[in-house]
Each structure stands twice: as C-alpha cells, then as structure tokens.
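> Sequence first, then the predicted structure, then my questions.
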Amino acid sequence: MTAGGPLLTIDTATTRAVIALGAPDGAVIEARSWVAGYRHGEELLARIEALLGDRGVAPVALGGVVVGTGPGAFTGLRVGLATAKGLAHALGLPIVGVATGSALLAAAGDPGTAVLLQPAGPSDRVLSRNGEPSRILVGGTDPDLRAGERLVAVDLDGRAPEAALALGSAAHAGLAAALLAAGAARLARGDADDLARLVPEYVTLPRGVLAKFPDEAVEVTGGAS
C-alpha cells in the first residue's frame, strides 16, 4: 500500500459493472463500465488489470479499495465483494463498502427526493429511499411515491416508466464518482471496514444459498443510508 495512493473502486450490483481509479480526495481519474449481465466473474479481474496497466498504476501503489455493497443480485455482488476483499487482503489495503443504492441516489441529484427502483427477481422490485430501509415490492405493486419524489429506475427496461429509466441511466453514469466521493471521505476519517464483517445487500438469492452461506446471504435489511 502507498500512503496517498489512488483508490480502486468496484461495483457489480447492477448488470453494468463499474470499475474506477480515483485520487485520494475522491476525484475520478478514470471510470470504466460494461454490460456484464450476470457474468461478472468472467471479466472483472482482467478489466481491473487493464485499467491499472493503462494508467501505469502498480497494484502495490494503490491506497485503498472502495466497493459497492448493493442492493443487487447474488451472483454479481458476490463476485464484486470477493474480488475487492481479496485484493484488499493480498495488498494490505484499507477497504470501504458503500451502499450502491445510496451512491445511485446521490448521483441522481437530490437524494432527498430521488427514489431508487431495482429488480428483485423476474417480477418483484426493490425500492430504496435515502435514510430508510430498502423494501421489496411484490410483482404488480406500484411504488408509493410521496409529494415531490422522483422515481429512478435501474435495470428495469419494460418494467418502469421511460422517464424513470432515463434518470436511472444518468444516475448510473455518475455511480463511480459517487462511490469514490463517499469512500474517500470515509478513508480520510480512518473509517475503513473490517474485511470479515463487510457483507453485501442481496435482493435475490438462488435456491439453497441460505443453507450454504448462512453468514453472507442477507436479503434486503439495510437501505440506501
């Protein structure tokens, strides 16, 4: 680890994976995004290596890792968290987990009026408000928007209004910057996470996961706070 070295950011909570390098103050050096679908594990490490190589940054020169913790689907989040934690452990880097939901709401503009909607399986959706626990909307249930709120939809083509999808696309474009800003602020305060206690916020779990990974398979319990 290099004191004051660049920060590596990873987010695999959505179908578009995001990686970025940022300055210690949270300014984005470069961000990259690609449609990973549900195949995050096939490309993530290679993409990280390419980003570091193109920028001439050796892994040992990094100053910390920032990782998005969801809400999101099991496969993508597990790959992203495992990769981030593996790099932090191997390189002796501090790691900070930032809720992807809160970062998307921040990137959407005013997080006090933005409401995030994401998929939770083929028919259900998860609703996140800043400072409140996320909750599942069962299929066919409409979001209960409050006065002045704007709906921001991510990964919901055909399942959310076009205006909400447009806001979601814009928010995702700013996701790397929002994650870096939040992560850098915490690292500056010395507020790094414990590797063993850093867990993702899942919204969907494959059958049998609760039995196999009882300590990790946590459905929506936190929120976008």
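All right, it came through fine. Everything numeric here is computed off the predicted structure, so don't read it as measured data.
> longest helix anywhere in the chain?
Longest helix in the chain, counting residues (DSSP state H): helix 74-91.
> how about the strands in the protein?
In the chain, the strands defined using DSSP state E lie at 7-11, 16-22, 28-35, 64-68, 72-73, 95-98, 114-120, 124-129, 135-137, 150-153, 202-204.
> Okay, angle between the longest helix of the chain and strand 16-22 too, please.
Interaxial angle of helix 74-91 relative to strand 16-22 (axes from the mean of the first three to the mean of the last three Cα atoms, to 10 degrees): 20 degrees.
> I'd like to know which elements helix 74-91 is packed against.
Counting contacts by 3 or more Cβ pairs under 8 Å, 6 or more residues apart in numbering; DSSP states H and E, helix 74-91 packs against strand 7-11, helix 44-54, strand 64-68, strand 95-98, strand 202-204. In short, each C-beta sits where N, CA and C put it, glycine included.
> Tell me which residues of it come out buried.
74-85, 87-88, 91 (16 or more other Cβ atoms under 10 Å).
> now stretch 185-205
Neighbour-count burial for stretch 185-205, counted by 16+ other Cβ under 10 Å, picks out 186-187, 192-193, 198-205.
> what's the average pLDDT for that stretch?
Averaged across stretch 185-205, pLDDT comes to 91.
> pLDDT weak spots in this protein?
The model of the chain has pLDDT under 70 over residues 1-3, 38, 204-225.
> what about the closest residue to Leu137 other than its chain neighbours, neighbour count?
Of all residues not flanking Leu137 in the chain, Arg125 sits nearest, at 4.7 Å (Cβ to Cβ, 6 or more residues apart in numbering). Other residues within reach of Arg125 by the criterion other Cβ atoms under 10 Å amount to 23.
> hmm, back to that, the strands of the chain into TSV, with extra columns for distance to Ala182?
As requested, those are exported to TSV (distance: least, Cβ to Cβ, whole Å):
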stretch	distance to Ala182
strand 7-11	10
strand 16-22	11
strand 28-35	13
strand 64-68	8
strand 72-73	17
strand 95-98	5
strand 114-120	15
strand 124-129	15
strand 135-137	22
strand 150-153	17
strand 202-204	20
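> Relative to Gly139, how far out is Ala181?
For Ala181, the distance to Gly139 (Cβ to Cβ, to the nearest Å) stands at 35 Å.
> These two - which one has more neighbours?
Using other Cβ under 10 Å as the criterion, Ala181 and Gly139 rank with Ala181 on top: 21 against 12.
> Please identify which of the buried residues of stretch 185-205 is nearest to Gly64.
Leu187 (5.2 Å; Cβ to Cβ).
> Quick check: closest non-adjacent residue to that closest one.
Here the residue nearest Leu187, using Cβ to Cβ, 6+ apart, is Gly64, at 5.2 Å.
> Quick check: Gly63 vs Leu81, distance?
Gly63 sits 20 Å away from Leu81, taking Cβ to Cβ as the criterion.
> domain ranges for this protein?
Domain segmentation of the chain under automatic domain parsing yields 7-101+173-212, 110-171.
> residue farthest from the centroid of the protein?
The C-alpha centroid of the chain is most remote from Ala147, which lies 27.4 Å away (Cα atoms, centre = their mean).
> How much space separates Leu175 from Ala120?
19 Å.
> same deal with Val35?
Counting by Cβ to Cβ, the gap from Val35 to Ala120 is 20 Å.
> When the two are compared, which one has more neighbours?
Taking neighbours as other Cβ under 10 Å, Val35 and Ala120 compare with Ala120 leading, 24 against 9.
> can you count the residues close to the residue nearest to Leu187?
Per other Cβ under 10 Å, the neighbour tally for Gly64 reads 24.
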